[in-house]
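K.L.:
using only what follows, build the 3D model:
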Amino acid sequence: MNFLELLLTAIGVSMDAFAVSVTDGLCCKNLQKKQSLAIGLCFGFLQGLMPVIGFFLGQTFASYITAVDHYVALLLLGYIGGKMIFDAIADAKQDNSELYDLNFKILFMQGIATSIDALAIGVSFSALANIKIFPAAIEIMLITCIVSIIGVCFGKHLGKKFGSCALFTGGLILISLGIKIFLEHMFF
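P.N.:
Predicted structure coming up:
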């Protein structure tokens, strides 16, 4: 696999993290630069770790992983998105400066849910003779980190325009992403 192929793979794998990063930026009004960096680092780290895990699990456990990965993504993103929608409806009459509390637990769950595809990529990498997993994982990690930080900034910009609808919209985006992952893995 050459550099360009790996770069395109890394960009493709990072798109789920980008969507969730936009949602985080959209819903967290007072997100600071260090929190934006934390989101990028968390998503990048998990996106880089999962191909390594998938690579070493290889073909031995591939059928077990692919049998449940879409359920995990659907449940995690559905739970987080549903909670965001519930909070948006409950807080609709209140003027909160911060509608969404992005803590480490939520961030980690988002990171796991968005890196499920990277685990499958790692399993497929194990079948390739010309792949060096650690440089590939580092490239995926860096691309995802950068894309996620860009997503947070874009989401913050949109959040200023959407105002109180941001939390509800963010919840819908996460649920839709979970459904998309589920449908892709079940039918395509």
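K.L.:
make it CA atoms for all contacts and neighbour counts henceforth
P.N.:
Noted.
K.L.:
neighbours around I149, how many?
P.N.:
I149 has 26 neighbours, counted by other C-alpha atoms under 10 Å.
K.L.:
name the element it belongs to?
P.N.:
When secondary structure is defined using DSSP states H and E, the element that contains I149 is helix 133-162.
K.L.:
could you point out the helix or strand that follows that helix?
P.N.:
Counting by DSSP H and E, the next helix or strand C-terminal to helix 133-162 is helix 166-187.
K.L.:
and that following helix, what's buried?
P.N.:
By neighbour count on 16 or more other C-alpha atoms under 10 Å, the buried set for helix 166-187 is 166-179, 181-182, 185.
K.L.:
tell me what angle the helix holding I149 forms with helix 166-187.
P.N.:
Between the axes of helix 133-162 and helix 166-187, defined by axes from the mean of the first three to the mean of the last three C-alpha atoms, to 10 degrees, the angle is 140 degrees.
K.L.:
in helix 133-162, which residues are buried?
P.N.:
Using 16+ other C-alpha under 10 Å as the test for burial, helix 133-162 gives 133, 136-156, 158-159.
K.L.:
got it, and stretch 121-135?
P.N.:
Of the residues in stretch 121-135, I121, G122, V123, S124, F125, S126, I133 count as buried by neighbour count, 16+ other C-alpha under 10 Å.
K.L.:
for the residues you listed, which one is nearest H70?
P.N.:
Relative to H70, the closest of these is I121; by C-alpha to C-alpha it sits at 13.9 Å.
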